[in-house]
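Q: sequence and predicted model, in that order:
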Amino acid sequence: MTRPLRWCLIAVLGVAALFAAWRIVHLLRVDAAVERGDIAAVLRLDPDHAEALLADAGRRLQAGDVDGAERQARNVLRRTPIDGRGYRVLAQVAERRKQPDRALALYRIAVARAPRDVQSRAWLAQHALDQRDYPGLLHHVDRVLALSPGAGARLYPLLTRLSADPDFAEALAQTLRSRPAWRNGMLAALQAGSDPAVADRVLSALHRNGGLDQAEFDGWIEGLMRQGRLGEAQARWAGPILASGRALPMLFNGDFASTPSGVGFDWRLPRTVGVLVEFEAAGAGRNALSARFLGRRIAGDVASHALLLPPGRYRLHWRQRIDGMNADPGLEWRVACMQPASVLARSDPMRGNTPWKRVHLSFEVPAQTCAGQWLQLGNAGAAGAGQVIDGALRVADVRLERILANRTTPAGDTAGL
């Protein structure tokens, strides 16, 4: 390479190096202005800076400079024609100019080109709500929650209030059937709301079309029971049983033919350290509950069953077998009101050794303050006091009958429904 060419190349490289250095300094100055929030300085340094142009457009809109905001939005679109946020600003300009149809069209372009733009989504959601277009509203809500799950804290209470409208509740249930990521949060918010009827409206719509899984259905039933809405809880809980053609006696599953679900008006078998609960065949499709005690201190119930008996006199029947049960005072059956908690009757304590035998316990449900009851198998001692228990207890054929003046109802009577 000749000397003139070498000097020429050196000069070109020097200029390039100087330009690169200047560019780096320039970018650093732009970044510093961005960090300071000095929009004017950013635009002086970089008139095509999209974020600064958008910020300036928003500032101009707030100040009432609609023409200036439009100009900056168009500058954004000249630089990046696919930036949906520029269309959002143009839509806001159209709103200020009382051009609703143009605003709607521009917002739709904005979300098509910038699906993550929450401001455009929020406007379109409000427009859908104003038009009672509930599926359209929920489409935008779904997109917002997918992009920003934290928005649920603000949106769930709003959606819960809107569910007071049966049409919206139906649309919400339809959306929840598709199992969006925010489904669990929405269901929890509904059930925690101040108006139980609103939650029931959505959950009923889901349930009608098989949209509730078993755990969600069980949670619904338990929530109704906690609220003291026992009649509604039993009616909904019993629906699948009656639909299958099965009878619903006053005490369900007293023969333990089906595995207790632990929900609603079925047996509840809490896991207790020191007790092994199993089921043994008792003939004719029936089972016996077998509880083996391992010499540990037991304080809670071994089994319980929710009941919904109207006022009147009743008799509880069961068969029992006791094998080497060492306990003082032993186990007992109790029938108690749910609210206020009060015991209606207790059986004789069970301990020692007895072969299979039939036993019964009579009690009366008062006319007031006993809308629901618990049947409990647990300690015969003071409430909450534990006792060391060793041995085994088997129970079978548990049933209830109602005692009228001179007769009793059949064990399969559907009292309570």
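A: Looks like it arrived, so ask away.

Q: in stretch 91-104, which residues are buried?
A: 91-95, 103-104 (16 or more other C-beta atoms under 10 Å). Heads up, the C-betas are built off the backbone N, CA and C, glycines and all.

Q: and those as a markdown table, adding distance to Gln376, secondary structure and pLDDT?
A: Below are those laid out as a markdown table (distance: C-beta to C-beta, whole Å; DSSP: H, G, I helix; E, B strand; the rest coil; pLDDT from 0 to 100):
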| residue | distance to Gln376 | secondary structure | pLDDT |
| --- | --- | --- | --- |
| Ala91 | 64 | helix | 92 |
| Gln92 | 65 | helix | 91 |
| Val93 | 70 | helix | 90 |
| Ala94 | 68 | helix | 92 |
| Glu95 | 64 | helix | 92 |
| Ala103 | 65 | helix | 94 |
| Leu104 | 62 | helix | 95 |
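
Q: biggest separation within those residues, which pair?
A: Val93 and Leu104 (13.3 Å; C-beta to C-beta).

Q: what about the closest residue to Met325 other than its chain neighbours, which helix or strand?
A: In space, and not counting its chain neighbours, Met325 is closest to Gly391: 3.3 Å by C-beta to C-beta, 6 or more residues apart in numbering. According to DSSP states H and E, Gly391 maps onto strand 387-403.

Q: that strand packs against which elements?
A: strand 275-283, strand 286-298, strand 312-326 (3 or more C-beta pairs under 8 Å, 6 or more residues apart in numbering; DSSP states H and E).

Q: ok, now with 7 Å
A: strand 286-298, strand 312-326 (3 or more C-beta pairs under 7 Å, 6 or more residues apart in numbering; DSSP states H and E).

Q: moving C-terminal from the helix or strand encompassing Gly231, which element do we reach first?
A: Using DSSP H and E, Gly231 maps to helix 230-243. Remark: after helix 230-243, the chain's next helix or strand is strand 267-268, criterion DSSP H and E.

Q: from the contact counts, what lies against that next one?
A: Using 3+ C-beta pairs under 7 Å, 6+ apart: strand 267-268 touches strand 303-307.

Q: three-state assignment of the closest residue to Trp220 other than its chain neighbours?
A: Setting aside the residues directly before and after it, Trp220 is nearest to Leu203 in space (C-beta to C-beta, 6+ apart), at 5.3 Å. Three-state call for Leu203 (DSSP: H, G, I helix; E, B strand; the rest coil): helix.

Q: what about Leu203, how many neighbours?
A: Per other C-beta atoms under 10 Å, the neighbour tally for Leu203 reads 25.

Q: distance of it from Pro196?
A: Going from Leu203 to Pro196 by C-beta to C-beta, to the nearest Å gives 10 Å.

Q: repeat for Gly219
A: 14 Å.

Q: over to Arg113?
A: For Arg113 relative to Pro196 (C-beta to C-beta), the value is 43 Å.

Q: how about the nearest residue to Ala189, chain neighbours excluded?
A: Tyr156 is the one closest to Ala189 (C-beta to C-beta, 6+ apart), at 3.6 Å.

Q: buried stuff in the host helix or strand of Ala345?
A: Using DSSP H and E, Ala345 falls within strand 342-346. Neighbour-count burial for strand 342-346 flags Leu344 (criterion: 16+ other C-beta under 10 Å).

Q: report the angle between it and strand 312-326.
A: Interaxial angle, strand 342-346 versus strand 312-326 (axes from the mean of the first three to the mean of the last three C-alpha atoms, to 10 degrees): 70 degrees.

Q: what about the helix or strand Glu51 falls within, average pLDDT?
A: Element membership for Glu51 (DSSP H and E) is helix 50-62. Helix 50-62 carries an average pLDDT of 76.

Q: roughly how far out does that helix sit from the chain middle?
A: 40 Å (C-alpha atoms, centre = their mean, to the nearest Å).

Q: what does it contact?
A: Helix 50-62 has contacts (C-beta atoms under 7 Å, 6 or more residues apart in numbering) with 39, 42-43, 68-69, 72-73, 75-76, 79-80, 83, 85, 89, 92.

Q: now do the SS call for Ala215.
A: helix.

Q: pull the CA atoms of stretch 183-197 into PDB?
A: Coordinates of each C-alpha in stretch 183-197 appear next as PDB, following Å, rounded to 0.1, in the frame of the first residue of the first chain:
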ATOM      1  CA  ARG A 183     -60.000 -18.600  37.200                       C
ATOM      2  CA  ASN A 184     -59.000 -19.600  40.800                       C
ATOM      3  CA  GLY A 185     -58.500 -16.000  41.900                       C
ATOM      4  CA  MET A 186     -61.900 -15.000  40.500                       C
ATOM      5  CA  LEU A 187     -63.700 -17.900  42.200                       C
ATOM      6  CA  ALA A 188     -62.000 -17.000  45.500                       C
ATOM      7  CA  ALA A 189     -63.000 -13.400  45.200                       C
ATOM      8  CA  LEU A 190     -66.600 -14.300  44.400                       C
ATOM      9  CA  GLN A 191     -66.900 -16.600  47.400                       C
ATOM     10  CA  ALA A 192     -65.200 -14.000  49.700                       C
ATOM     11  CA  GLY A 193     -67.600 -11.200  48.500                       C
ATOM     12  CA  SER A 194     -70.200  -9.600  50.700                       C
ATOM     13  CA  ASP A 195     -73.200 -10.900  48.700                       C
ATOM     14  CA  PRO A 196     -73.400 -14.700  48.700                       C
ATOM     15  CA  ALA A 197     -76.200 -14.600  46.000                       C
END
